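S.K.: Have a look at this fold, sequence not included:
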């Protein structure tokens, strides 16, 4: 059973998949950092100096002091954070599009198809014509 597991793990597909998952996680962190630290401040500046992450609709205000008895946390719909997530999704999609586009350019174009010879019908027609002569 250990030998079968070892053979399964050491196949190229599993190794390739593991590398892809690790790389996707690393690329995701880089893109999230890019969006949060570079893109969102620019978007916020164009939106009048707003920080979207702090935009929310408060349903229930917090009461009391945190850590004391009877403290009730704020209940709010954080729609600004959701806008950040949507912008992040758009940027991740665009970056993935650029990566796939660049990868496709590095691929070799398919070899041109070999020229086709005459079809069976054409060959039979030629044989018939030769036999008639």
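M.R.: That came through, no problem. Here the structure is a predicted model, which is why all the values come from computation and not from measurement. Numbering: from 1, shown residues only.

S.K.: Let me see the confidence value for residue 106.
M.R.: The per-residue pLDDT reported for residue 106 equals 87.

S.K.: ok now do it, which residues does it touch?
M.R.: Applying CB atoms under 8 Å, 6 or more residues apart in numbering to residue 106 gives no contacts. For glycine as for every other residue, the C-beta is placed from the backbone atoms N, C-alpha and C.

S.K.: State the distance from it to residue 36.
M.R.: Applying CB to CB, to the nearest Å, the value for residue 106 to residue 36 is 31 Å.

S.K.: which residues in the protein form helices?
M.R.: For the chain, the helices defined by DSSP state H cover 2-9, 12-34, 40-46, 79-106, 120-132.

S.K.: for the record, mean pLDDT for stretch 43-58?
M.R.: 79.

S.K.: Start and end of that stretch, how far apart?
M.R.: 23 Å (CA to CA, to the nearest Å).

S.K.: That stretch: how far from the chain's middle?
M.R.: 26 Å (CA atoms, centre = their mean, to the nearest Å).

S.K.: who touches it?
M.R.: 40, 74-81, 83-84, 87.

S.K.: one more time with 7 Å, if that's ok
M.R.: If you take CB atoms under 7 Å, 6 or more residues apart in numbering as the criterion, stretch 43-58 is touched by 40, 74, 76-81, 83-84, 87.
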